[in-house]
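>>> coordinates only, sequence not included:
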C-alpha cells in the first residue's frame, strides 16, 4: 500500500523510512506540507515525526556522505569563529570548528544550504571540509565562544543616536534641580505671574490631553467599515514567539501549557523562552518541565544592564521566524491569535511593520485596584489606541502581544536595551522610519497588579521610560519633525510630554476642587471671574472626556459590570502621580534600573 509514495519522496524522506522512523505515508504527507508551506524539510520531518535532532542530523549526514560532529563535546576553535563573526554563523547555521591536516572543518545545521557558502568560506579559510551538527549544538558552541560579543551586541543594536544608553543622569539631575530652584525663587519674587505661568502650563497640557482623548473617542464612535475576514496566506510563515522570563518559576508550567494551546502548526512555531543567566530558580522550574519540540530555552548572559529589551535582542539572533512575536510570562493569548496575525500581515502592505494585540486581565475581579486597572486597559486598548490609529498618530506600543516583520525589526536594530519602556520607544522609531502599527482585535489575558505598591513600582517604570523616550527623540526636534511630520510630531508631544506633565502636576489640578467648595485658592487672587469660569469649564470637560472614554472601554470589552466603578477612577489615577515622582527620581540616579513586576499570584484563564 505504501509503494506509490516511494518514487516521489526525497532522499531525506527515503532515508527516514529506511531507518524505520516513520511509514512512507506519514513521510509523504509531511513532505507535501513542507513543500506547500515552503518550510525546511528536515525540520518538518523532525517535528512531525518526533525524531530527535541528533537522529535527524545523522540522517542528513548520511545523505550528504559526511560525518556528524557535536561541538559541545568537542569544543570549537574560537579563533576561527572570530575570523568570520558570530552573527554570520548564527544567521547561516554554520560554524568553523577546527583546523586539521591543512583543512578547516566547517559544521552546518543546514546541509542543503552549504553549497552557497562554500566560496566565501574557501576565500576566508582556504581548503575546507564539512560535517553536520544540530542547530542546538551549533548555537551552544557559538555562545560558549562568543557570548561576550553577543551580549555586547544585544546592548548596542540600536544606533547610538536613537538609543538612551548615553543618558547623562548627572546632567539631568542638575537641570531638574535648577528648574525646581528657579520655580521656587520665582514664586517668592513674583508670586502672581509665576503662579499664572505654572497653572497655565498645567491647564494647557490638561486641555491637550483631553482634546486628544476626545478625538480618539469620536473616531471610535464613527462607523467603520468592517473589512472582509482575511484569507489565510498560501504559505504559512514560521513565527517566533519570544518570552522573557526572570524569577517566573511559579508560572513556568502554565506558560508552557498556554503556548502549547496556540492553534498554529507546531512545526512552524518557534517559542523561545529567554532566561537570565543568574536566574537559577526559573531554569530549575523549566528543567522539571518537558518542553514541546517547538519550544526552547535560551540563556541570556549577564551584561551591563538586565532588562527585557536586552533579552529580546539576544533572543532575536537565534530566532527562526520571519514574524517575531513577544509575550509576557503570565500571558494567556487567544489560541487563534497567531493565525489572525499571520492572516493580517499577509493582507496589508509592507509599511505595516507591527501588529499590536489587545490586552485584558483575567483577574479583574480581585479587588478595587484590579477593577480600575481593567477599566484603564479597556479604555487604552479598545478606545484610545484604535482612535489614535484612525487619526494617523504614532502608536506607543504595549510590551506584549506584539508582532513584527523581522526584516523591519532588524533594520531598526531591535529594541533599545537600556530603555525601560522599550515598547513605547520602538513605536516611535517605527513611525520615524516611515512604518505603521495596526491594532488587531485579538485579545491576550494578563495578570493585573492588585496591590498598591507593586502597581506603583510598575507604573513608575513606565513613566520613567516615557521620560527617557521623550528625551532621546527630542535631542534633535527638527529632525524628529522631518521624520514624523506635523501631525505625528504634535501627537508625540501630547502623548509623552503631556502625559508626564499631567501626572506630575496632578496635585495642582486636584487643588481646584477648593473653588466649587467655596474654599480659598491662590488663583482667586490672580484670575478674573471669567478666568475662573473658563477654568471650571475646562476642568469639567476634561473629567467628562475621561469618564466617557472609560464607559466606552468597559462596553467595548464586554465587561459592563465595570461601569459602577468608573467614578472611582478619580481615586485611582492619583496613584500614578506617586509613581511619576518615583520614576522621575530614579531617572536622576538609576535610569536603566528595571523594577521587576511579580507574577504568578493568579492562575488565569
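Looks like it came in fine. Being a predicted model, the structure only gives us computed values, none of them experimental. Numbering: from 1, shown residues only.

>>> the protein: strands as residue ranges?
Taking DSSP state E as the criterion, the chain contains strands spanning 94-100, 103-108, 128-132, 239-245, 269-276, 295-300, 323-326, 332-333, 352-361, 402-405, 436-446.

>>> right, so of these, which gets closest to residue 212?
The stretch from the strands of the chain with the least distance to residue 212 (CB to CB) is strand 436-446; that distance is 16.2 Å. Placement of C-beta: from N, CA and C, glycine included.

>>> quick one: that closest one to strand 352-361, angle?
Following axes from the mean of the first three to the mean of the last three CA atoms, to 10 degrees, one obtains 20 degrees for the angle between strand 436-446 and strand 352-361.

>>> can you give the distance of strand 436-446 from its chain's centre?
12 Å (CA atoms, centre = their mean, to the nearest Å).

>>> could I get the average pLDDT for that strand?
For strand 436-446, mean pLDDT is 94.

>>> which strands or helices does that strand pack on?
Secondary structure elements in contact with strand 436-446, counted by 3 or more CB pairs under 8 Å, 6 or more residues apart in numbering; DSSP states H and E, are strand 332-333, helix 337-347, strand 352-361, helix 385-391, helix 422-432.

>>> need the residues that contact the shortest one.
Meaning strand 332-333. Outside strand 332-333, the residues within contact range by CB atoms under 8 Å, 6 or more residues apart in numbering are 258, 262, 327, 357, 362, 401, 442, 444, 445, 446, 604, 605.

>>> tell me the strands beside that strand, with direction?
According to DSSP bridges, the neighbouring strands of strand 332-333, each with its direction, are strand 436-446 (antiparallel).

>>> may I see the buried residues of the strand it pairs with?
Across strand 436-446, burial judged by 16 or more other CB atoms under 10 Å covers 436, 437, 438, 439, 440, 442, 443, 444, 445, 446.

>>> can you give me the helices for the stretch 501-605 of the chain?
Using DSSP state H, counting those that start in this stretch, the helices of the stretch 501-605 of the chain run over residues 506-510, 529-556, 569-572, 574-587.

>>> out of those helices, which is closest to residue 152?
Across the helices of the stretch 501-605 of the chain, residue 152 has its closest neighbour in helix 574-587 (24.7 Å, CB to CB).

>>> so what touches the closest one?
Counting contacts by CB under 8 Å, 6+ apart, the residues outside helix 574-587 that touch it are 169, 172, 176, 452, 455-465, 467-468, 500, 503-504, 506-507, 510, 593, 595.

>>> rebuild the buried residues of strand 436-446 as CSV, extending it with distance to residue 9.
Written out in CSV, the entries for these read as follows (distance: CB to CB, whole Å):
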residue, distance to residue 9
436, 44
437, 44
438, 42
439, 45
440, 39
442, 38
443, 43
444, 41
445, 44
446, 46
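
>>> and those, which two are the farthest apart?
For the buried residues of strand 436-446, the maximum inter-member distance is 26.4 Å, found between 436 and 445 (CB to CB).

>>> please indicate which of the contacts of helix 574-587 are buried?
Of all the contacts of helix 574-587 considered here, the ones buried according to neighbour count by 16+ other CB under 10 Å are 172, 455-465, 467-468, 500, 503-504, 506, 595.

>>> tell me the one of the contacts of strand 332-333 nearest residue 312?
Nearest to residue 312, judged by CB to CB, of these is residue 327 at 11.1 Å.

>>> highest average neighbour count across the helices of the stretch 501-605 of the chain?
Ranked by mean neighbour count, the helices of the stretch 501-605 of the chain are led by helix 574-587 with a mean of 20 (mean count of other CB atoms under 10 Å).

>>> burial of the nearest residue to residue 387 once chain neighbours are set aside, as a residue count?
Nearest-residue entry for residue 387: residue 216, 2.6 Å, with adjacent residues in sequence omitted and distances by CB to CB, 6 or more residues apart in numbering. Number of residues near residue 216 (other CB atoms under 10 Å) recorded here: 25.

>>> what do you get for residue 485?
Residue neighbour count, defined by other CB under 10 Å, stands at 12 for residue 485.

>>> for residue 434, see how far away it is.
Plainly put, residue 485 is 10 Å away from residue 434 if you go by CB to CB, to the nearest Å.

>>> quick one: distance of the top helix by length along the chain to the chain centre.
With DSSP state H setting the assignment, residue counts place helix 191-221 as the longest helix in the chain. Between the centre of helix 191-221 and the centre of its chain there are 30 Å (CA atoms, centre = their mean).

>>> just want the angle from it to helix 529-556.
Orientation of helix 191-221 against helix 529-556 (the same axes, to 10 degrees) gives an angle of 30 degrees.

>>> list the buried residues of helix 191-221.
194-196, 198-199, 202-203, 205-206, 208-210, 212-217, 219-220.

>>> quick check, residue 186 in contact with residue 194.
Yes - the pair residue 186 / residue 194 is scored as a contact, 4.1 Å apart, by CB atoms under 8 Å.

>>> how does this protein divide up, domain by domain?
Here the chain is described, according to automatic domain parsing, as comprising the domains 3-51, 78-155.

>>> could you give the average pLDDT over stretch 409-418?
On average, stretch 409-418 scores 95.

>>> other residues contacting it?
With contact meaning CB under 8 Å, 6+ apart, stretch 409-418 is reached by 154-159, 162-165, 167, 305, 307-310, 312-313, 316, 324, 353, 422, 425-426, 429-430, 433, 472, 591-592.

>>> again, only using 7 Å
Outside of stretch 409-418, the residues within contact range by CB atoms under 7 Å, 6 or more residues apart in numbering are 154-155, 157-159, 163-165, 305, 307, 309-310, 312-313, 316, 324, 422, 425-426, 429-430, 433, 592.

>>> any idea how far that stretch is from the middle of the chain?
11 Å.

>>> check stretch 55-70 too.
The chain centre lies 37 Å from the centre of stretch 55-70; the measure is CA atoms, centre = their mean.

>>> ditto for stretch 126-142
Between the mean C-alpha point of stretch 126-142 and the mean C-alpha point of its chain there is a distance of 31 Å (CA atoms, centre = their mean).
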